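**Q** One predicted model, sequence on top.
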Amino acid sequence: MKEIRVGIIGGGMISHRHMVIYENIQKNAELLGFTAKVVAVAEIIPERLAAWREQYGFDKKDLYTDFRELLKRDDIDTIDVCVHNNYHTPISIMAMKAGFDVYCEKPSAASYHDAKLMMDCAAKLGRKFHVQISSLMSPQTRVACDMIASGRIGTPYFVNIEQLTRRRRPGYDIPNFTSDFYSKRIAGHAAAIDLGIYVVGQILYILGQPKLQSVSGFATRGVEIDPKLITNPDGYGVEDISDGFAKFENGMGLHFLAATAMNYKDYSMTYVLGSKGGLEIINTDTVGGKFARPGMGRPAWGGEPELKFYGEMDGRHVTMELNCDENGIIEARKDPRMMMFNDNQIMWLAYKLGLLDDSTRYNTPDIALQQLLFTDGIFLSQELGRSVTADEIVAMSPTLFIPEQKIGNEIVKFDVGF
Ligand SMILES: NC(=O)c1ccc[n+]([C@@H]2O[C@H](COP(=O)([O-])OP(=O)(O)OC[C@H]3O[C@@H](n4cnc5c(N)ncnc54)[C@H](O)[C@@H]3O)[C@@H](O)[C@H]2O)c1
């Protein structure tokens, strides 16, 4: 049985969900034909590191406060990057430079520039690189692609995505999340990238990654902040609402509105309009599929990702539910290899092992990059007070990654040259 040995960098909230997935992979190893084992973890906060000893029984020698020590090991096959957004670029690049293939949490970075740097590094050094985008990893995505490929909705011409919550600022309204989510220095941006990667990334993939032409955007922080609730030393620096309208070279329009706080009710909707029919994307998966759930049970959030088709039959309007989850179960029973497309980490391991290649895996770094091109456009348009072209966004995309960090008593300058 092939076993991939994993080193995790960043032992906070999301790394524990990654552990649930690795544990479920081990339980399903026979079906998958391979397995994975986390053999080392790096985390700068010693108390968080101690949890890995207590919770999973890690030996002290496999736990590091300085990730550069972990990168010196020669018994690790891949690095799983679980630090926060603006650390993704330097830590992924340093891991690649140390000889490792890298699986990185979403968003790949907070700007197009930084995400491109990671991809360029992987290409130059010949490393495999993959980004967590759970919304792609469900039968919902495959069924939507098939509906479009079979011509059922005709020519797609408009997409509307609205993801709004009355109060759901991670780390502020929901304190069990890290307050780094609202630090501009560490997170870069809020829902535009945090949710954007899932909802916009999925749509761009389903629509065959159309080429962006221009973006007109708006972003601000509208809702008052209570200074007494601020726990992050950087303060509250991110927007709470962003809105963008993108035009694509194929003539398609896309509208994306996201808010983490507003004085209105929670709601979310995603739909694609085509010349012959429409598709509604219901319950976009922003958490992870069955492998991310302890016991592989029912989802902890809204419900399974599903689709609705709005079309015509015999000249009459029809609305059909596509039962993606049910079909996904049947699909995986008929061909267990379909499991590779239902979980990020399984896809990553399969890609690592050569069971999937660049033509068969989801090209998550590129999907993430295209999403960031759009998001950068929203913020650039807001800054310049006009719509911006794709070429302008590429030229003006900011460097947001953090260049140095205090680790123990040392200020470590990240070496990102390659
Ligand atoms: N929390 C979630 O539900 C969730 C869901 C999906 C994706 N994500 C993504 O996962 C990433 C991490 O989010 P999180 O919620 O786990 O944050 P977190 O703060 O809980 O975890 C990040 C950890 O990285 C550690 N760290 C920072 N620099 C380090 C370094 N140089 N070496 C080792 N460790 C270092 C921090 O101390 C922290 O414990 C973010 O990019 C986020 O967007 C989070």
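**A** Okay, I see it.
**Q** which secondary element of this protein has the worst mean pLDDT?
**A** Least confident element among the helices and strands of the chain, by mean pLDDT, DSSP states H and E: helix 324-334 (a mean of 87).
**Q** Would you mind pulling the contact partners of that one?
**A** Ser138, Pro139, Gln140, Val143, Glu304, Pro305, Glu306, Leu307, Met338, Met339, Asn342 (C-beta atoms under 8 Å, 6 or more residues apart in numbering). C-betas here are computed from N, CA, C, even on glycine.
**Q** again with stretch 57-65
**A** 39-44, 46, 49, 52-53, 70, 407-408.
**Q** again, only this time at 10 Å
**A** By C-beta atoms under 10 Å, 6 or more residues apart in numbering, the residues outside stretch 57-65 that reach it are 7, 9, 11, 38-46, 48-53, 70-73, 407-408.
**Q** Flag every buried residue along it.
**A** Using 16 or more other C-beta atoms under 10 Å as the test for burial, stretch 57-65 gives Phe58, Asp62, Leu63, Tyr64, Thr65.
**Q** which ones among the residues you listed come in contact with the ligand?
**A** For the ligand, no contacts are drawn from the buried residues of stretch 57-65 by C-beta under 6 Å from any ligand atom.
**Q** now, which of the residues you listed lie within helices?
**A** Among these, no member falls in helices (criterion: DSSP state H).
**Q** Kindly reformat those as a markdown table and extend each row with pLDDT.
**A** Formatted as a markdown table, the buried residues of stretch 57-65 follow (pLDDT from 0 to 100):
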| residue | pLDDT |
| --- | --- |
| Phe58 | 98 |
| Asp62 | 98 |
| Leu63 | 98 |
| Tyr64 | 98 |
| Thr65 | 98 |
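**Q** Strands of the stretch 1-150 of the chain, start to end?
**A** All strands of the stretch 1-150 of the chain, identified by DSSP state E, counting those that start in this stretch, fall at 2-9, 34-42, 63-64, 78-81, 101-104, 129-131.
**Q** Any chance of CSV for the contacts of helix 324-334, columns neighbour count and pLDDT?
**A** What follows is the contacts of helix 324-334, written out as CSV (neighbours: other C-beta atoms under 10 Å; pLDDT from 0 to 100):
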residue, neighbour count, pLDDT
Ser138, 26, 90
Pro139, 27, 93
Gln140, 27, 95
Val143, 22, 94
Glu304, 20, 89
Pro305, 26, 93
Glu306, 19, 95
Leu307, 21, 97
Met338, 16, 90
Met339, 22, 90
Asn342, 23, 92
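**Q** quick one: which of those is nearest Arg168?
**A** Pro305 (19.6 Å; C-beta to C-beta).
**Q** Could you double-check that that closest one lies in contact with Pro139?
**A** Yes: between Pro305 and Pro139 a contact is recorded at 7.6 Å, counting by C-beta atoms under 10 Å.
**Q** Mutual contacts of the two, please.
**A** Joint contacts of Pro305 and Pro139 (C-beta under 10 Å, 6+ apart) are Gly289, Cys324, Asp325, Gly328.
**Q** Can you name the residues of the stretch 1-150 of the chain that neighbour the ligand?
**A** 9-14, 42-45, 48, 67, 82-85, 87, 105-106.
**Q** Pull the most distant pair out of the shared contacts of Pro305 and Pro139.
**A** So, the shared contacts of Pro305 and Pro139 by C-beta to C-beta: farthest apart are Gly289 and Cys324, at 11.1 Å.
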